[in-house]
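1. Here is a sequence with its predicted model. Questions after.
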Amino acid sequence: MASFEIHAVRLPPERSTVQKLKQRVSEIFFPDDPLYRFKNQTAFTKVLLALEYLFPILQWAPHYNLTLLRSDLISALTIATLAIPQGISYAKLANLPPIIGLYSSFVPPLIYSLLGSSRHLGVGPISIASLVMGSMLTDKISYTQDPTLYLSLAFTATFFAGLFQSSLGILRLGFVIDFLSKATLVGFTGGAAIIVSLQQLKGLLGIAHFTSKMQILPVMISVFNQRHEWSWPTILLGFGFLAFLLTTRHISLRKPKLFWVSAAAPLTSVILSTILVFLLRNKTHQISVIGHLPKGVNPPSSNMLYFNGPYLALAIKTGIITGILTLTEGIAVGRTFASLENYQVDGNKEMMAIGIMNIAGSCFSCYVTTGSFSRSAVNYNAGAQTTVSNIIMAATVLVTLLFLLPLFYYTPNVVLAAIIITAVIGLIDYQSAYKLWKVDKLDFLACLCSFFGVLFISVPLGLGIAVLISVLKILLHVTRPNTLVLGNIPGTQIFHSINQYKEALRIPSFLILAIESPIYFSNSTYLQERLLRWVREEEEHIKANNGAPLKTIILDMTAVTAIDTSGLDTLCEIRKTLEKRSLQLVLANPVGNVMEKLQKSKILESFGFKGVYLSVGEAVADISSLWKAQP
């Protein structure tokens, strides 16, 4: 190997404990440095900037013009055609009166338009949260036997969902929702979508007596046990409109410019089916209809919030679980469309906006809402430019609430079931599941566990399984980190894994190992045992190949980003064990904070002057030259 200068490994600049703690807290809670805009500003400017931060609408409202209004008006009217039938359908999915779905499409979008940072997020109820709320509350309370208590618990769960969401935003604890990995969410949403679809067989087949359970087996048993209740007029009407909705969805997927075809299809189905049932009302008694919907704006519901009693824990648990789900979808959808338009969505600000929206909604007869992917996609494709589209959409819902509700009297429930199935079928993301199988088998296993957990156990427990698997995966990576044997790529000073690069060669008398994780109490014992096993296997390899005897173990610490006292003790134990076997342990490239702890713990003194190097290449070159210099 060519000779070159040996560089000293330096300590990082001296910092006090307070400075270190301040930086650590800042990186955990303020990675985006939200106060950077306030630096070097006058007091008046800081007040304006604070108001703009709290109410993002103030940033763009002064520049709003008729061109933007035209774009927002078109997109708002387009998503209103989707929001009205979806609101009614999803409320029934949560076992709530249909009018609650319309209430939830009026107040929350108005609040979000003032507080939210996404320009394209279409706010309203979503299918998964509706299903989870309905299944969790129905397990304890019958919505038919005690509708008032059920409604109170739904509003209270919405309140606690909002409280939980806004608290995460205010305390900047958004990393909590990161425990729901992409893999587990793919499985969870796919399983939930199937459960939602199977539940709609009640409406599609016209069954009056149906199980309230959400698992796949009880649902299918109920379907076939109630064959005598199947209504053929209902089946004919339902599957006809289901075919129409699926066809329009297929057209929009194949040709994105025709997005309005699938967006308008739900309301078109509602109008056509309502007219049809009205005209044939004397001959279609078997087809159930929505019936009377009370006209008027959202009545106050703060007096219905349930803060004391035996079901409070149920309301809190339901609120937290639905809060996590809606927060995850809302932020993911907002960031997706923000990336398409090259602007940023502040995650913590979104948590506060969605949380406050739900707290306020719970006081005005709304259940849990968030940014809906289907509404947001339609909003974006229709050319929305600002959150004014949410305001106009809410105004359209208001007109419906005040004047148009009697027109929905003859709307058949079977069409609402078809609308729900069409909306949730896109959540079955088999392509992502296949990609997980190809890329990461452990992620695929997590996906399957959450999928089958939802299908065969329950929706809340399926979500719990998803979170548990995500946490177990983290623990697996932390407690069993990867270790590698490195070799030299000929003609270079590069050292890489001998498994990954077949041309990488072992250096005689050296064993070069790399650790690809921090060294903590949770993995220090494992690392000690694994490194000593590497040494034993190397000695056996040398013996089998009559190679030069092993003299030095170099530990590449480039990827060791942190170390605690247990890790320091482990390094000492490894060094002592190797010394007893006449083997030298050398450290290469310890990063700043690791080097600082090595120095403060006095461990560096035991390694000696030639015990720490800036790189593996320098360590090999210097130690080899020392061996050559010896007689």
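-> That came through, no problem.
2. Just say helix, strand or coil for the closest residue in space to residue 458 that isn't next to it in sequence.
-> Computed as CB to CB, 6 or more residues apart in numbering, the closest residue to residue 458 that is not its neighbour in sequence is residue 214, at 6.2 Å. In this view, the C-beta of every residue, glycine as well, is placed from N, C-alpha and C. Here residue 214 is recorded as coil under DSSP: H, G, I helix; E, B strand; the rest coil.
3. ditto for residue 310
-> Strictly by three-state DSSP, residue 310 counts as coil.
4. Tell me the pLDDT of it.
-> pLDDT recorded at residue 310 is 92.
5. Run a quick neighbour tally on it.
-> 7 (other CB atoms under 10 Å).
6. Let me know the distance separating it from residue 102.
-> 31 Å (CB to CB, to the nearest Å).
7. need the strands for the stretch 1-150 of the chain, in chain order.
-> Taking DSSP state E, counting those that start in this stretch as the test, the strands found in the stretch 1-150 of the chain are 122-124.
8. and if you look at the chain?
-> 122-124, 370-372, 483-488, 495-497, 510-515, 552-556, 584-588, 612-613 (DSSP state E).
9. ok, now which ones touch the residue nearest to residue 458?
-> By CB atoms under 8 Å, 6 or more residues apart in numbering, the contact set of residue 214 is 131, 135, 195, 199, 458-459.
10. how does it look with 10 Å?
-> For residue 214, the contact set (CB atoms under 10 Å, 6 or more residues apart in numbering) comprises 131-132, 134-136, 138-139, 192, 195-196, 198-199, 454-455, 457-460, 462.
11. With respect to burial, which of the strands of the chain scores highest?
-> Using mean count of other CB atoms under 10 Å, the stretch among the strands of the chain with the largest mean neighbour count is strand 122-124, at a mean of 33.
12. can you give me the mean pLDDT across that one?
-> The average pLDDT within strand 122-124 is 93.
13. Ok, stretch 255-264 next?
-> In this model, stretch 255-264 carries a mean pLDDT of 84.
14. Check the offset of it from the chain's centre.
-> When C-alpha coordinates are averaged (CA atoms, centre = their mean, to the nearest Å), stretch 255-264 and its chain have centres 27 Å apart.
15. Show me how far stretch 463-479 is from its chain's centre.
-> With CA atoms, centre = their mean, you get 14 Å for stretch 463-479.
16. Please write out the alpha-carbon positions of it in PDB.
-> The C-alpha trace of stretch 463-479 is given here as PDB (Å, rounded to 0.1, in the frame of the first residue of the first chain):
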ATOM      1  CA  LEU A 463     -54.200  -1.300  14.200                       C
ATOM      2  CA  GLY A 464     -52.700  -2.300  17.500                       C
ATOM      3  CA  ILE A 465     -50.900  -5.200  15.800                       C
ATOM      4  CA  ALA A 466     -49.700  -2.900  13.100                       C
ATOM      5  CA  VAL A 467     -48.100  -0.500  15.700                       C
ATOM      6  CA  LEU A 468     -46.700  -3.400  17.700                       C
ATOM      7  CA  ILE A 469     -45.000  -4.900  14.700                       C
ATOM      8  CA  SER A 470     -43.500  -1.500  13.800                       C
ATOM      9  CA  VAL A 471     -42.100  -1.100  17.400                       C
ATOM     10  CA  LEU A 472     -40.800  -4.700  17.300                       C
ATOM     11  CA  LYS A 473     -39.100  -4.000  14.000                       C
ATOM     12  CA  ILE A 474     -37.400  -0.900  15.600                       C
ATOM     13  CA  LEU A 475     -36.300  -3.000  18.600                       C
ATOM     14  CA  LEU A 476     -34.900  -5.700  16.300                       C
ATOM     15  CA  HIS A 477     -32.800  -3.200  14.400                       C
ATOM     16  CA  VAL A 478     -31.600  -1.500  17.600                       C
ATOM     17  CA  THR A 479     -30.800  -4.600  19.600                       C
END
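17. Just the buried positions in that stretch, please.
-> Of the residues in stretch 463-479, 463, 465-470, 473, 479 count as buried by neighbour count, 16 or more other CB atoms under 10 Å.
18. Just the ones in helices from those, please.
-> Among these, the residues falling in helices (DSSP state H) are 463, 465-470, 473, 479.
19. Which residue ranges of the stretch 51-200 of the chain form helices?
-> Ranges of helices in the stretch 51-200 of the chain, per DSSP state H, counting those that start in this stretch, are 57-60, 66-93, 98-103, 107-115, 127-138, 147-170, 182-199.
20. would you list the ones you listed in JSON lines and tack on mean pLDDT, mean neighbour count and distance to residue 450?
-> Formatted as JSON lines, the helices of the stretch 51-200 of the chain follow (pLDDT from 0 to 100; neighbours: other CB atoms under 10 Å; distance: least, CB to CB, whole Å):
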{"stretch": "helix 57-60", "mean pLDDT": "87", "mean neighbour count": "15", "distance to residue 450": "38"}
{"stretch": "helix 66-93", "mean pLDDT": "89", "mean neighbour count": "22", "distance to residue 450": "20"}
{"stretch": "helix 98-103", "mean pLDDT": "94", "mean neighbour count": "25", "distance to residue 450": "27"}
{"stretch": "helix 107-115", "mean pLDDT": "95", "mean neighbour count": "24", "distance to residue 450": "28"}
{"stretch": "helix 127-138", "mean pLDDT": "89", "mean neighbour count": "26", "distance to residue 450": "13"}
{"stretch": "helix 147-170", "mean pLDDT": "94", "mean neighbour count": "23", "distance to residue 450": "21"}
{"stretch": "helix 182-199", "mean pLDDT": "84", "mean neighbour count": "24", "distance to residue 450": "4"}
